[in-house]
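Visitor: with the input below, show me the fold.
(one chain, ligands or ions: 2)
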Amino acid sequence: MGDELLKVENLRVHYPVRSGFFNHVTDYVHAVDGVSFTIQKGQSYGVIGESGSGKSTIGQALVGLVEATSGTITYRGKDVTDKRVRKKLKYNKDVQMIFQDSLSSLDPKKKVIDIIGEPLRNFEKLSRKDLKQLVLELLQTVGLDEESLYKYPHQFSGGQRQRIGVARAVATKPKLIIADEPVSALDLSVQAQVLNYMKAIQKKYGVAFLFISHDLGVVHHMCDNLAIMHRGRFVEIGTREDIYTKRLLAAIPQTDVENRESHRKKHQALEAEYNAQKEDYYDKNGRVYPLEEVTRTHSVALRKE
Ligand SMILES: Nc1ncnc2c1ncn2[C@@H]1O[C@H](COP(=O)(O)OP(=O)(O)OP(=O)(O)O)[C@@H](O)[C@H]1O
Ligand SMILES: [Mg+2]
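Guide: Numbering: from 1, shown residues only. Ligands and ions are numbered 1, 2, ... in the order given. This is a model prediction of the structure:
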């Protein structure tokens, strides 16, 4: 309890669907439909799930980019569901985000020193000299040299740019970084490198991560606890060891290049088995059943016998 950083309870985000001449709201997309989880200080929590399952929407609701339809977000024991409370608590300084696509999330007209320096300037009063010093240190932590200071985003490789994004996110010494598919735009060979810098940063600053990804390998490498998401709900939560691997494997695409063909076959077999058992996970309206505790750390959405 004492180490609890962020607690999300029954979070729902429903997007209105408008149509017709009067542009009236005719329906809702239940992008996030009642998820609960807790992130401990300095911990990495992973959310895996197929495209459109609602992963990014969770991240966006946590940083306030979209409004929660219902549910509560508690940060360090305070209810931060309300925007005004967040402001008072400097929540926006403490919770930062890293995006998938660094080329569009980093301002192309700004030099690196200003990109990384911007969040610092927003929250702290620093002289130009101190700011430069701080940005330099941050660049070093992600393995970039002094010359990078005055370059523009397009002058870097994808992996380097993602590292700039990491340096920027960590600049305000946040307590939590939400990383939404932070390496999925990168080559496999570069992914590990960027992930290792994130791990190093986590060790150095004690920051917690919410890791959003399609990729079991990435989440396994980074996270102690994970949740599998499907149609706006968590269908399984547990530790790395807990998770029912079959369902996990069926839900994610395979990225291991060397054994692609044998993986593909295995994957297809698992997918067939998974599809055959689908009714075990969903009710007749296609809604996922509520999570049931299997062990103290492991819960699964299964039909009650
Ligand atoms: N601004 C929006 N307005 C309406 N519907 C939206 C909006 N953003 C997302 N959605 C819908 O909400 C659902 C969840 O989207 P979300 O982006 O959270 O999925 P995701 O799990 O991150 O997918 P991906 O892996 O492809 O990034 C999708 O059905 C999507 O079409
Ligand atoms: Mg997404």
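Visitor: okay, CA-based contacts and neighbour counts for the rest of this
Guide: OK.
Visitor: where's the closest residue to residue 9 other than its chain neighbours, which helix or strand?
Guide: The spatial neighbour of residue 9 that comes closest, neighbours along the chain excluded (Cα to Cα, 6 or more residues apart in numbering), is residue 36 at 4.4 Å. In this assignment (DSSP states H and E), residue 36 forms part of strand 24-40.
Visitor: how many neighbours does the one residue in the stretch 101-250 of the chain that gets nearest to ligand 1 have?
Guide: Taking Cα to the nearest ligand atom as the measure, the stretch 101-250 of the chain has residue 214 as its residue closest to ligand 1, at 6.4 Å. In terms of burial, residue 214 registers 22 neighbours under the definition other Cα atoms under 10 Å.
Visitor: the one 4 residues further on too?
Guide: Summarising burial for residue 218: neighbours were counted as other Cα under 10 Å, giving 22.
Visitor: repeat that for the one 3 residues further on.
Guide: Using other Cα under 10 Å as the criterion, residue 221 is surrounded by 13 other residues.
Visitor: if we can go back for a sec, so what's the residue nearest to residue 9 up against?
Guide: Shown in contact with residue 36 (Cα atoms under 8 Å, 6 or more residues apart in numbering): 7-11.
Visitor: quick one: the residue of the stretch 101-250 of the chain closest to ligand 1 from residue 37, how far?
Guide: Residue 214 is 19 Å from residue 37, where distance means Cα to Cα, to the nearest Å.
Visitor: same check, this time on residue 19
Guide: From residue 19 to residue 37 the distance is 34 Å (Cα to Cα).
Visitor: quick one, which of the two is more surrounded?
Guide: When residue 19 and residue 37 are compared on other Cα under 10 Å, the one with more neighbours turns out to be residue 37, at 16 against 11.
Visitor: please name the bridge partners of the more buried one.
Guide: residue 8 (DSSP bridges).
Visitor: okay but it is in contact with residue 8, surely?
Guide: Yes. In this structure, residue 37 is within contact of residue 8 by Cα atoms under 8 Å, at 5.3 Å.
Visitor: hang on, the earlier thing: and the strand holding residue 36, what's buried?
Guide: 30-40 (16 or more other Cα atoms under 10 Å).
Visitor: from those residues, which are also near ligand 1?
Guide: Counting by Cα under 6 Å from any ligand atom, the subset of the buried residues of strand 24-40 that neighbours ligand 1 consists of residue 31.
Visitor: closest to ligand 1 out of the buried residues of strand 24-40?
Guide: For the buried residues of strand 24-40, with ligand 1 as the reference and Cα to the nearest ligand atom as the criterion, the closest is residue 31, at 4.0 Å.
Visitor: return the residues in contact with that closest one.
Guide: Applying Cα under 8 Å, 6+ apart, we find residue 31 in contact with 12-15, 52-54, 57, 231-232.
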